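# got a predicted model here, sequence first, then my questions.
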Amino acid sequence: GLEILHKDGRTWLACWCILAGNRLRMFWGLDRPEEISIADREIVMDGMCVDAEEGRRYCVFVRRSMYNVSEGDILLRVREEAAFVGWLQRLQASAYFCVI
């Protein structure tokens, strides 16, 4: 499972995510949603900066810019160590291939 850091910077919200092509689709809660056509939040990965967050274990940041804060920036935390590298690589690949 994944969690997303709330805007307050302290609260982690459980979410179920789908990465389809260049779209990261997030649904609140840990269970697979019955209706996946309507996401609670969706981010187009085109040109996003994706990397592991230093100082936070199993966290991945997804940012529009390395220098400016944007409304679309998110911090994801992967609950299982084994899934962390897979999610990081998939998100990086999605952001990279959209730029080509």
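That came through fine.
# in a strand, that's where residue 38 is, yeah?
No. Residue 38 is assigned coil when assessed by DSSP: H, G, I helix; E, B strand; the rest coil, not a strand.
# so how far is residue 56 from it?
30 Å (C-beta to C-beta, to the nearest Å). Yep, even glycine has a C-beta here, placed from its N, CA and C like the rest.
# buried sites along the longest strand along the chain?
Assignment by DSSP state E gives strand 12-20 as the longest strand of the chain. With burial defined by 16 or more other C-beta atoms under 10 Å, the residues of strand 12-20 counted as buried are 15-17.
# so can I have CSV of the residues you listed showing distance to residue 88?
CSV is the format used below for the buried residues of strand 12-20 (distance: C-beta to C-beta, whole Å):
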residue, distance to residue 88
15, 16
16, 18
17, 13
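# for the most centrally placed residue in the chain, list each beta-bridge partner.
Compute the mean C-alpha point of the chain, and by C-alpha atoms, centre = their mean the closest residue is residue 76, 5.0 Å away. Taking DSSP bridges as the rule, residue 76 bridges to residue 4, residue 60.
# would you mind measuring from it to residue 1?
Taking C-beta to C-beta, one finds residue 76 at 11 Å from residue 1.
# what about the strands in this structure?
Going by DSSP E, the chain shows strands at 2-5, 12-20, 23-28, 41-44, 49-52, 59-63, 74-78.
# buried set for the fourth one?
It stands for strand 41-44. Quick answer for strand 41-44 (16+ other C-beta under 10 Å): residue 43.
# the fifth one too?
Taking 16+ other C-beta under 10 Å as the neighbour-count basis, strand 49-52 is seen to contain the buried residues residue 50.
# thanks a lot, catch you later.
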